[in-house]
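A.B. asks: Mind looking at a prediction? Sequence and model below.
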Amino acid sequence: MSSLADALGPVARDTADGGVLLAPGDERALANALHVLADQGARLNRDATLSRERLTEVGPVEPRSMTLEVGAGVVLQRLDDRLRTFGLTVGPLSPSAMQLTLGDFLEGPFAGLRAIPGGRLEPLCTRLVAVLADGRRLETSEAPRSAAGPDLSALVLGGHGRLGVVTRARVRCFPLPEADVRATYSLPSPAAFVTAFTRAVAEGAWPWRVHVDPRSGRVVAEVRLAGSAGAVERDRDLFGRCVDEAGGRPSGDAEREGPVAVSHESTWPAVQASLEAGRALQLFRLSLGTVVARGDVDGLRLDEPTAWSSLGGRLLALDPRGVLGGAP
Amino acid sequence: MSTDARLSGLGSRWGAVPAGALPPPRAKVLAAKGALAEAVGGRVSFSDFDRLSYARDLWPLALLWIRQGKVPPPPDAIVWPGTEDEVARVVRVARDKRLALIPYGAGSGVCGGAWAIHGGVTLDLKRFDSIGPVDEARRCVDVGAGVMGETLERKLNFSGWTLGHFPSSIYCSSVGGWIAARSAGQLSSRYGKIEDMVLSLRAVLGTGEQLITPERPFSGPDLAPLLIGSEGTLCAFTGARLRVFPLPEGRVFHGFEFASVEEGLEAIRLVFREGLRPAVVRLYDPFDTAFVGKGGKARHAPVTPPSLRSAMERSFLPMMLRQVTKQTLGRPKVMNQLQRVFRKSRLILMFEGEAKRAEADDRAATMLCRKLGGDDLGEAPGRAWLARRYDVSYRMSRLIDAGTFADTMEIAAPWERVHEVYERVHAAASPYAFVLCHFSHAYADGCSLYFSFVGSGGDEQEIEQRYHQLWRAALAAAVSAGGNVSHHHGVGLLKAQALQDALGDGRHALAALKALFDPDGVMNPGKLGLSS
């Protein structure tokens, strides 16, 4: 056993490639491990890799708030499978996001799932528990919104585990859709597509996925709508009116597969530019600000950590020992 | 008239503050007079008139003190910077001389967030009053932190846009204040709270650094949520890029009466579970339903602001009311028992936006409410509420005139805890004040509870004592039942200890942020429970 794994004790093991895997079972074990790493002058994400394989507890569903406590090591697809037996779902995440653990999703660049119509994206969780770089526990409130000082969950969300490590969270769920329909529209241009779809999103429509394909000077968009029968009907009517106002019309084109490509978080102008260049895209998590786009499009890659903004980098001072590994 | 001209004329028009009413400015602040003046182009004041004006916000405790002839602690000086460079220079002076710096918007806070408890320099940001053109393609506008709410909304409306942010304080609160305290407007269930509308922030940190937070997409943690709600303890906001929306083309109102609060809450929960987003959701508890929230008519006599009331209204009526309130509100427990006679609970919904969508959403919500046994009251209650929605602040001053204390507590809880929080806060507050509550600002996973407290006592000392006992009891009950300490009023001094208790170990993270962005502890010391 390597000396580092030895020092870390039963929460760590050597890996075949000569590394050390750290697999704590709770916040206390993780905090202790961070102190050991610091004492050894070692760093997580450099000298040891975190595994959340033992943080897989799933609590009971709170049917009224549609939330449940979930260990950060639970894979979202598996959680979704389990939620279906309760008539719930984690919602329309992109296929690649569904393969992540809850911890990786929350610490990754995914921001959230559903926007307040037109506004900020709501995080996937109402409350989270994390261990910060100093070994202290951060537990945020489960209230749906707050004005009780700054939102400290922002120390962890999107932080790639470099400011704090999520151990569990109370996940927001959605009712399992009772209706799941596809509506296809033909629009005269990429600009018309962006106008129609941003308008619908601003009015509260919540498409689960959009496949958009520029063809022969027009843009064909297939929208997947899921929810209660009434919600789907209202969203389909709204899309119909927004498309009509933008000079489009319903189209009978059949469903098509989206491009298999890396997901990006992209702006609407980037989406429009990509369509104008003749590239098909698949869109998820549509908000007025940004969308998650699969295809050849400019934006922030979501499959790997990219360099932080300089302001985010300022926060690394909160880990003076560098025990969480510094900026990715 | 420019802001500068307005400011410079005030002192002479309103006369002088009696000698000795205020403590003199601290020597170390007086010694920094030259440096402060240099930092802001001479816009600095040590006058008693200005110091008195900036000694408080709208925390009701200040109103009790004023009634007793006491003055909240005044700042030693006030500065009016007009550029971010000037703010940064003031911060550098404050760090160099170890002066407390209190960012100040419009002074509408109700938790004492702008009180100068350590003296120092109040940093009035009203000169950041620019409103940029609406970027129609991106649906956003750049706004200075000192812009007043109503001014912004009117200007946006003129070009066909709205911010969708309508706090009760809209006539007397500023954009910077909203962001500092994580404000919510009456239409937040559709448009979000202020933090949902902020695309980017401009601020000067306690280090003196100027920053603009990035807009999505970007990699790494988002700094904006760590600054929003910091109430001047980490930075001074100078501006923001905010999301705006086209003025709604349609608006639909609907009122319902339910057999109980529980049924009304269930209706709201199911409306949101269905994915509906009414702009207005307000459920009144039974007493509020029976009296205060009744108003079926949209037309009503306008409420006269205090400064325009007749001598009769200003002196005789309050004297009469004082006698009445002492006999009634002085025994709040009995009053609170009596209100249990009432059972029915009234819900107001309003949908707005694209006309057909608003109508369709209203039909869906109506179906749900009827299914739960709600009596359909039509649109009148909603229209009546809209017509009177800002009146409550003026009514508050009449209650204060009548020798009472009056305050409000807004908290939030997940759905499974909402009713218990309601019952436990009601019970905890009952010995100290008459308690009313309505539920608003709803979400799929919970909602906000907005309590109103009115109390009295034998004398001013007893009234103030009850006021503090009330808050301690109500906040403790809220947190122990699963609620938080604030949904949209902020923390300030009033809830500072409750916040620190609720944060648990997380208080160290808040303290670490403070040390990072305000290493010398000059920014609004003592607020949020952060030590100076």
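C.D. replies: Happy to help now that I have it.
A.B. asks: Please make it C-alpha for all contacts and neighbour counts, starting now.
C.D. replies: OK.
A.B. asks: now chain A, which segments are flagged as low pLDDT?
C.D. replies: Using pLDDT under 70 as the threshold, the predicted model of chain A has low-confidence ranges A:1, A:117-119, A:253-259.
A.B. asks: can I see the domain layout of it?
C.D. replies: Under automatic domain parsing, the residue ranges defining each domain of chain A are A:11-50, A:58-175, A:179-301.
A.B. asks: want to try CSV for those domains, with distance to chain B as columns?
C.D. replies: Written out in CSV, the entries for the domains of chain A read as follows (distance: least, C-alpha to the nearest C-alpha, whole Å):
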stretch, distance to chain B
domain A:11-50, 13
domain A:58-175, 4
domain A:179-301, 6
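A.B. asks: dump the residue contacts of residue B:399.
C.D. replies: Going by C-alpha atoms under 8 Å, 6 or more residues apart in numbering or on different chains, residue B:399 touches B:405, B:406.
A.B. asks: same question but for residue A:189, I mixed them up
C.D. replies: Contacts of residue A:189 (C-alpha under 8 Å, 6+ apart): A:217, A:218, A:219.
A.B. asks: Separate out the buried members of those.
C.D. replies: The neighbour-count test (16 or more other C-alpha atoms under 10 Å in any protein chain shown) applied to the contacts of residue A:189 identifies A:218, A:219 as buried.
A.B. asks: can you put the contacts of residue A:189 in TSV and add secondary structure?
C.D. replies: Rendered in TSV, the data for the contacts of residue A:189 read as follows (DSSP: H, G, I helix; E, B strand; the rest coil):
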residue	secondary structure
A:217	coil
A:218	strand
A:219	strand
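A.B. asks: got the phi/psi numbers for residue 217?
C.D. replies: You didn't pick a chain, so chain A it is. Summarising the backbone geometry of residue A:217 under the convention degrees, to the nearest 10, its torsions are phi 80, psi 0.
A.B. asks: nope, chain B
C.D. replies: Comment: the main-chain dihedrals of residue B:217 come out as phi -90, psi 150, following degrees, to the nearest 10.
A.B. asks: do the same with residue B:378
C.D. replies: Residue B:378 has phi and psi values of phi 70, psi -160 when expressed as degrees, to the nearest 10.
A.B. asks: for it, what are its contacts?
C.D. replies: Residue B:378 sits next to B:253, B:254, B:255, B:256 when contact means C-alpha under 8 Å, 6+ apart.
A.B. asks: Out of these, which comes closest to chain A?
C.D. replies: For chain A, the closest of the contacts of residue B:378 turns out to be residue B:253, at 17.3 Å, with distances computed as C-alpha to the nearest C-alpha.
A.B. asks: For that closest one, list each beta-bridge partner.
C.D. replies: residue B:350 (DSSP bridges).
A.B. asks: residue boundaries of the helices in the stretch 1-150 of chain A?
C.D. replies: Using DSSP state H, counting those that start in this stretch, the helices found in the stretch 1-150 of chain A span residues A:3-8, A:27-39, A:76-84, A:95-98, A:102-107.
A.B. asks: what helix or strand does residue B:35 sit in?
C.D. replies: The secondary structure element spanning residue B:35 is helix B:33-39 (assigned by DSSP states H and E).
A.B. asks: Name the residues that touch that helix?
C.D. replies: Contacts to helix B:33-39, defined as C-alpha under 8 Å, 6+ apart, come from residues B:42, B:43, B:44, B:79, B:86, B:87, B:89, B:90, B:93.
A.B. asks: Tell me the spacing between the fifth one and chain A.
C.D. replies: Meaning residue B:86. 22 Å (C-alpha to the nearest C-alpha, to the nearest Å).
A.B. asks: Could you name the helices and strands sitting against whichever strand or helix holds that residue?
C.D. replies: Here residue B:86, judged by DSSP H and E, is contained in helix B:84-97. Packed against helix B:84-97 by the contact rule (3 or more C-alpha pairs under 8 Å, 6 or more residues apart in numbering or on different chains; DSSP states H and E) you find helix B:33-39, strand B:198-205.
A.B. asks: So which of these is the most surrounded?
C.D. replies: strand B:198-205 (a mean of 23; mean count of other C-alpha atoms under 10 Å in any protein chain shown).
A.B. asks: got the buried residues for whichever helix or strand comes after that one?
C.D. replies: Secondary structure here is assigned by DSSP H and E; on that basis, the next helix or strand after strand B:198-205 toward the C-terminus is strand B:210-212. Neighbour counts using 16+ other C-alpha under 10 Å place B:210, B:211, B:212 of strand B:210-212 among the buried residues.
A.B. asks: do you know how far the residue of the stretch 201-328 of chain A found nearest chain B is from residue A:108?
C.D. replies: The minimum distance from the stretch 201-328 of chain A to chain B, using C-alpha to the nearest C-alpha, falls at residue A:308 (4.7 Å). Residue A:308 sits 12 Å away from residue A:108, taking C-alpha to C-alpha, to the nearest Å as the criterion.
A.B. asks: do residue A:52 as well
C.D. replies: Here residue A:52 is placed at a distance of 15 Å from residue A:108 (C-alpha to C-alpha).
A.B. asks: what does residue A:69 give?
C.D. replies: Residue A:69 is 19 Å from residue A:108, where distance means C-alpha to C-alpha.
A.B. asks: In terms of neighbours, single out the busier of the two.
C.D. replies: Set side by side, residue A:69 and residue A:108 show more neighbours around residue A:108, with 24 against 20, by other C-alpha atoms under 10 Å in any protein chain shown.
A.B. asks: so how far is residue B:219 from the most centrally placed residue in chain A?
C.D. replies: Relative to the mean C-alpha position of chain A, the nearest C-alpha, by C-alpha atoms, centre = their mean, is the one of residue A:110, at 3.5 Å. Separation of residue A:110 from residue B:219 (C-alpha to C-alpha) stands at 10 Å.
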